[in-house]
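K.L.:
Provide a 3D model corresponding to the input given below.
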Amino acid sequence: MRSDLFFLPTWPPSADAVLWVSLTLVIAALLGEFVYRWLRLPRVVGYAAVGTIVSALDLGLGPGLKPGLRSIVDLALALLLFELGSRINLRWLRTNPWLLATSLAEAAFAFGAVYLALSAVGTDARTSTAIAAIAIGTSPAVVMRVASEFEASGQVTERMIVLTGLNTFYAVLASKFVFGWLHAEYIGSLVRAFAHPLYLLAGSAIVAALLAFSVSMIARRLDLRNENSTLLLLGMILLALSITKMANLSTLLVPLLAGVMLRNSTERPWIWPRHFGTAGGALVLMLFVVTGSVWSVDTLLKGAVLGAAVIVARVVAKLVATTLLAAPSGISLRQGVALGVTLMPMSGAALVMMVELQNLYPEFAAHLTAVVFSAIAFLELIGPIAVHLALRWVHEENLR
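P.N.:
Numbers count the residues shown, from 1 in each chain. Sure, this is the predicted structure:
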């Protein structure tokens with residue numbers, strides 16, 4: 001017989017996923033505001049700290065990324081990469097070829113330095129190459145969020161955005177050719193080794209072109225800066241992302257290339273609401289919480305030393321490149337050093353590339369996981385602070 005008090009909740013009450021997500025959002029938002037208002041640091045430091053606390057309590061993601069969380073990461077990164085791409089004016093690279101040289105140099109130096117550092121401690125060539133490819137890229141999420149939050153503007157800020165977009169492209173491309181190498185090693189198929197990277201690049205470019213064209217057409221009729229039109233733009237990016245996933249293309253390249261194509265289709269810059277409104281802001285918050293929680297105590301015990309070596313080699317390489325080419329590219333030595341520091345962050349995009357490798361070759365990826373996730377764990381907290389201090393050092397932050 002049913003109890004007379006059947007309508008009361010069971011004890012202890014059972015919490016569903018919505019409660020935990022809501023609680024995480026509230027705590028992350030509060031900690032972000034505390035960090036920003038009292039410590040004058042980027043809010044993302046607070047968001048990432050919540051992820052770090054989650055991992056420290058052994059509630060983190062561990063070595064993988066669940067499908068639901070992967071969707072959040074992909075969409076948040078897509079918004080940020082599209083926004084970043086739409087600020088990259090390729091005409092600047094033609095008028096200042098030394099800027100392109102700086103981009104190529106910092107990416108090549110970072111790849112080479114990380115590869116040599118890992119090889120020096122006995123890491124095999126395949127593992128060193130894969131980690132070095134991932135280490136090329138700077139975190140677009142950190143760069144865009146910090147620059148936007150502190151209303152940064154100036155030579156270092158604009159170069160930081162351009163170099164981040166370019167080295168993200170290089171990192172994705174390099175990681176795909178690593179996949180090709182693994183196809184040849186594990187499967188013995190040269191056709192797959194070359195066809196897979198080429199398919200990803202060509203297919204992603206086609207979807208990106210369709211997205212850029214669609215946004216351009218709609219922008220002729222609607223003001224994409226108002227709230228309702230922003231939701232339309234958000235839906236279009238989500239649709240393009242869904243098509244990208246169905247076609248097994250790159251969720252990083254499509255929004256980045258679409259933004260670049262859109263920006264260079266016209267002389268005027270494109271201006272969007274920050275992270276495409278409140279919904280985008282919530283996604284970005286969750287992105288930093290998720291990337292901050294990818295590590296575990298076991299991961300750090302196994303990979304902290306090599307992860308630290310990767311960070312040092314990578315940061316030094318990028319600093320050397322931007323400092324050496326500062327004068328030829330038209331900035332001071334101080335600005336060159338600051339630019340190198342702003343390229344330090346490595347988080348969301350690196351996480352996606354790592355997860356893609358795990359899905360294709362889990363046994364091989366197991367050798368990389370501890371090192372890459374340890375580096376992400378350190379840089380998720382250090383990176384935003386470094387960008388903030390570097391931009392303040394060259395007086396490009398306009399929010400006091």
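
K.L.:
which of the residues in the helix ranked longest in the chain are buried?
P.N.:
Longest helix of the chain, by residue count under DSSP state H: helix 362-393. By neighbour count with 16 or more other Cβ atoms under 10 Å, helix 362-393 contains the buried residues 364-365, 367-388, 390-391. For the C-beta atoms, the positions are set from N, CA and C on the backbone; glycine is no exception.

K.L.:
just checking, what packs against that helix?
P.N.:
helix 43-56, helix 125-135, helix 140-149, helix 155-182, helix 277-292, helix 297-324, helix 333-342, helix 348-360 (3 or more Cβ pairs under 8 Å, 6 or more residues apart in numbering; DSSP states H and E).

K.L.:
hmm, 6 Å instead?
P.N.:
helix 43-56, helix 125-135, helix 140-149, helix 297-324, helix 333-342, helix 348-360 (3 or more Cβ pairs under 6 Å, 6 or more residues apart in numbering; DSSP states H and E).

K.L.:
Report all helices and strands that the longest one contacts.
P.N.:
Yep, that's helix 297-324 we're talking about. helix 97-120, helix 333-342, helix 362-393.

K.L.:
Residues contacting the helix or strand just after it, please?
P.N.:
Following helix 297-324 in sequence order, the next helix or strand is helix 326-329 (DSSP states H and E). Outside helix 326-329, the residues that touch it by Cβ atoms under 6 Å, 6 or more residues apart in numbering are 98-99, 102, 333, 336.

K.L.:
Of all the helices and strands packed on helix 362-393, which one comes closest to I88?
P.N.:
Proximity to I88, assessed across the helices and strands packed on helix 362-393 by Cβ to Cβ, is greatest for helix 140-149 (10.9 Å).

K.L.:
circling back to that earlier point, who wins on neighbours among the contacts of helix 326-329?
P.N.:
T102 (28 neighbours; other Cβ atoms under 10 Å).

K.L.:
contacting residues for it?
P.N.:
325, 329.

K.L.:
any idea of the pLDDT on it?
P.N.:
Confidence at T102, expressed as pLDDT, is 96.

K.L.:
what about the closest residue in space to D223 that isn't next to it in sequence, which SS state?
P.N.:
Excluding the flanking residues, the one nearest D223 by Cβ to Cβ, 6 or more residues apart in numbering is S229, at 5.9 Å. Following DSSP: H, G, I helix; E, B strand; the rest coil, the label given to S229 is helix.

K.L.:
isn't S229 right up against R221?
P.N.:
No. Look at S229 against R221 with Cβ atoms under 6 Å: they stay out of range, at 9.5 Å.

K.L.:
In terms of neighbours, single out the busier of the two.
P.N.:
Per other Cβ under 10 Å, whichever of S229 and R221 has more neighbours is S229, with 16 against 8.

K.L.:
What distance do you get for that one to L241?
P.N.:
From S229 across to L241, the span is 19 Å (Cβ to Cβ, to the nearest Å).

K.L.:
Mind listing what's buried along the helix or strand of the chain with the lowest mean pLDDT?
P.N.:
Here the helix or strand of the chain ranked lowest by mean pLDDT, DSSP states H and E is helix 277-292, holding a mean of 80. When burial is assessed from 16+ other Cβ under 10 Å, helix 277-292 yields the following buried residues: 277, 280-292.

K.L.:
Need the residues you listed in a markdown table (columns: distance to I237).
P.N.:
As requested, the buried residues of helix 277-292 are arranged in a markdown table below (distance: Cβ to Cβ, whole Å):
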| residue | distance to I237 |
| --- | --- |
| G277 | 12 |
| G280 | 9 |
| G281 | 15 |
| A282 | 15 |
| L283 | 11 |
| V284 | 13 |
| L285 | 18 |
| M286 | 16 |
| L287 | 14 |
| F288 | 19 |
| V289 | 21 |
| V290 | 19 |
| T291 | 20 |
| G292 | 24 |
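
K.L.:
Among those residues, pick out the one closest to L300, please.
P.N.:
Using Cβ to Cβ, these come closest to L300 at G292, 13.3 Å.

K.L.:
For burial, what's the neighbour tally of A117?
P.N.:
Neighbours of A117 (other Cβ under 10 Å): 23.

K.L.:
Not counting its neighbours along the chain, what's nearest it?
P.N.:
Nearest non-adjacent residue to A117 (Cβ to Cβ, 6+ apart): A313, at 3.9 Å.

K.L.:
One more: I72?
P.N.:
I72 sits nearest to M286 (Cβ to Cβ, 6+ apart), 5.1 Å away.

K.L.:
measure that neighbour to Y47 for me?
P.N.:
8 Å.

K.L.:
Ok, V294 next?
P.N.:
14 Å.

K.L.:
OK, contacts around the closest residue to L306 other than its chain neighbours?
P.N.:
Nearest non-adjacent residue to L306, counting by Cβ to Cβ, 6+ apart: V371, 4.5 Å away. Residues counted as contacts of V371 (Cβ under 6 Å, 6+ apart) are 131, 303, 306-307.

K.L.:
now do Y36
P.N.:
Counting by Cβ under 6 Å, 6+ apart, Y36 has contacts R43.

K.L.:
what angle do the host helix or strand of it and helix 362-393 make?
P.N.:
With secondary structure defined by DSSP H and E, Y36 is part of helix 17-39. Here the directions of helix 17-39 and helix 362-393 differ by 30 degrees (axes from the mean of the first three to the mean of the last three Cα atoms, to 10 degrees).

K.L.:
gap between helix 17-39 and the chain center?
P.N.:
Computed by Cα atoms, centre = their mean, to the nearest Å, the chain-centroid distance of helix 17-39 equals 21 Å.

K.L.:
would you put the C-alpha positions of that helix in PDB?
P.N.:
Provided in PDB are the C-alpha atoms of helix 17-39 (Å, rounded to 0.1, in the frame of the first residue of the first chain):
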ATOM      1  CA  ALA A  17      22.900  16.300 -13.700                       C
ATOM      2  CA  VAL A  18      21.000  19.600 -14.100                       C
ATOM      3  CA  LEU A  19      21.600  20.400 -10.400                       C
ATOM      4  CA  TRP A  20      25.300  19.800 -10.600                       C
ATOM      5  CA  VAL A  21      25.700  21.800 -13.800                       C
ATOM      6  CA  SER A  22      23.700  24.700 -12.300                       C
ATOM      7  CA  LEU A  23      25.700  24.500  -9.100                       C
ATOM      8  CA  THR A  24      28.900  24.600 -11.100                       C
ATOM      9  CA  LEU A  25      27.700  27.600 -13.100                       C
ATOM     10  CA  VAL A  26      26.800  29.500 -10.000                       C
ATOM     11  CA  ILE A  27      30.100  28.700  -8.200                       C
ATOM     12  CA  ALA A  28      32.200  29.400 -11.300                       C
ATOM     13  CA  ALA A  29      30.500  32.700 -11.900                       C
ATOM     14  CA  LEU A  30      30.900  33.800  -8.300                       C
ATOM     15  CA  LEU A  31      34.500  32.900  -8.200                       C
ATOM     16  CA  GLY A  32      35.100  34.500 -11.500                       C
ATOM     17  CA  GLU A  33      33.600  37.800 -10.200                       C
ATOM     18  CA  PHE A  34      35.700  37.500  -7.000                       C
ATOM     19  CA  VAL A  35      38.900  37.000  -9.000                       C
ATOM     20  CA  TYR A  36      38.100  39.900 -11.300                       C
ATOM     21  CA  ARG A  37      36.900  42.500  -8.700                       C
ATOM     22  CA  TRP A  38      39.200  41.800  -5.800                       C
ATOM     23  CA  LEU A  39      42.400  40.400  -7.500                       C
END
